[in-house]
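S.K.: Next comes the sequence, and after it the predicted model I'd like to discuss.
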Amino acid sequence: MAANKTKRETTAATDSPEFRKRVKVILRALKKRYKDVECALAHETTFQLLTATILSAQCTDERVNATTPALFKKYPTPDKLAVAKISEVEKIVNPLGFFRSKAKNITGMAKAIMEHHNGEIPQTLEELVALPGVGRKTANVVLGTAFNIPSGVVVDTHVKRISNLLGLTTSKNPEIIERNLCEILPKSEWIMYSHRLIHHGRKICIARRPQCLDCPLLKHCPRVGLPALTE
């Protein structure tokens with residue numbers, strides 16, 4: 001019931017021409033500041049992107065990027081990872097936290113890729129989320145980054161927090177936030193909106209010390225939940 005209420009409230013707000021205009025201005029400002037940004041997870045292949053994204057759960061991209069070179073050197077392809085000893089994989093991904101479940105998920109994913117997809121990464125949301133360790137967020141990352149398929153909006157901690165600050169959603173639930181953003185944003189912006197907001201969250205709209213006075217979105221951001229700005 002609460003989820004439906006949140007959805008109705010957010011949808012109602014998007015009906016005004018002023019709101020739609022503000023969204024367009026925000027998207028233009030983000031594009032101007034972060035025109036050519038890419039996925040922050042280091043990878044050379046779609047398989048590596050999928051693996052890194054699974055490993056990034058409850059972990060920083062920086063730590064994942066520091067760990068995956070050794071993993072990809074030893075297991076560069078799904079066929080190699082599918083037959084890996086779980087104990088060896090656990091040793092490599094140990095720094096990432098929840099290493100046992102993550103090692104189980106990525107080896108299980110590799111086995112499923114080999115057994116059900118002939119070693120190829122599937123290109124549909126339904127097939128991806130059926131893989132071990134893959135949820136909607138991970139599937140959206142892979143489809144958008146590797147295949148340029150806008151299956152949805154990736155809602156990580158930065159996207160969740162900043163979208164609320166901008167007043168684009170009133171929810172804290174990632175699924176509802178994604179639904180709200182898909183209603184608000186043009187489908188052509190679904191992929192890059194997340195990439196740009198993630199970079200923005202790391203460079204300017206930092207969680208504990210937002211640099212609002214240096215923010216290109218300041219004039220268009222209601223700063224929901226933040227104290228009054230003082231110069």
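M.R.: Thanks, I have the structure now.
S.K.: Strands of this protein, start to end?
M.R.: Assigned by DSSP state E, the chain shows no strands.
S.K.: pLDDT below threshold where in it?
M.R.: Residue ranges of the chain with pLDDT under 70: 1-15, 230-231.
S.K.: residues contacting the residue at minimal distance from the centre of the chain?
M.R.: When CA atoms, centre = their mean is applied to the chain, the residue found nearest the centroid is V154 (3.9 Å). Neighbouring residues of V154 by CB atoms under 8 Å, 6 or more residues apart in numbering: 137, 140-141, 144, 194. (Each C-beta comes from the backbone N, C-alpha and C, glycine too.)
S.K.: That one - nearest residue in space that isn't next to it in sequence?
M.R.: S194 (4.0 Å; CB to CB, 6 or more residues apart in numbering).
S.K.: What about that neighbour, how many residues nearby?
M.R.: For S194, the count of nearby residues is 28 (other CB atoms under 10 Å).
S.K.: And it, how far from G201?
M.R.: Look at S194 and G201: by CB to CB, to the nearest Å, they are 10 Å apart.
S.K.: repeat for W190
M.R.: Distance, W190 to G201, using CB to CB: 17 Å.
S.K.: Kindly report the same for G225.
M.R.: 15 Å.
S.K.: Which of the two has more residues huddled nearby?
M.R.: Neighbours were counted for G225 and for G201 using other CB under 10 Å; G201 has more, 20 against 9.
S.K.: Wait, the more buried one touches N164, no?
M.R.: No - under the criterion of CB atoms under 8 Å, G201 makes no contact with N164, lying 11.9 Å away.
S.K.: Longest helix in the protein, by number of residues?
M.R.: When the chain is parsed with DSSP state H, its longest helix is helix 99-117.
S.K.: now for that helix, which elements pack on it?
M.R.: Packing partners of helix 99-117 (3 or more CB pairs under 8 Å, 6 or more residues apart in numbering; DSSP states H and E): helix 46-55, helix 78-82, helix 86-93.
S.K.: now do 10 Å
M.R.: With contacts taken as 3 or more CB pairs under 10 Å, 6 or more residues apart in numbering; DSSP states H and E, helix 99-117 sits against helix 46-55, helix 61-74, helix 78-82, helix 86-93, helix 125-129.
S.K.: now the ones you listed as CSV including mean neighbour count and distance to Y34?
M.R.: Shown next, in CSV, are the helices and strands packed on helix 99-117 (neighbours: other CB atoms under 10 Å; distance: least, CB to CB, whole Å):
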stretch, mean neighbour count, distance to Y34
helix 46-55, 24, 20
helix 61-74, 16, 16
helix 78-82, 19, 32
helix 86-93, 16, 30
helix 125-129, 16, 26
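S.K.: out of those helices, nearest to I206?
M.R.: Distance to I206, taken as CB to CB, is lowest for helix 61-74 among the helices and strands packed on helix 99-117, at 14.4 Å.
S.K.: Any idea how far the closest one is from the middle of the chain?
M.R.: 18 Å (CA atoms, centre = their mean, to the nearest Å).
S.K.: can you give me the end-to-end distance of stretch 166-185?
M.R.: 13 Å (CA to CA, to the nearest Å).
S.K.: Quick check: buried residues in that stretch?
M.R.: Buried residues in stretch 166-185, counting neighbours by 16 or more other CB atoms under 10 Å, are found at 166-171, 173-174, 176-181, 184-185.
S.K.: circling back: quickly list what's touching both of S194 and G201.
M.R.: 156, 158-159 (CB atoms under 10 Å, 6 or more residues apart in numbering).
S.K.: Turn these into a markdown table, columns for distance to L50 and neighbour count.
M.R.: Formatted as a markdown table, the shared contacts of S194 and G201 follow (distance: CB to CB, whole Å; neighbours: other CB atoms under 10 Å):
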| residue | distance to L50 | neighbour count |
| --- | --- | --- |
| D156 | 16 | 17 |
| H158 | 21 | 20 |
| V159 | 20 | 26 |
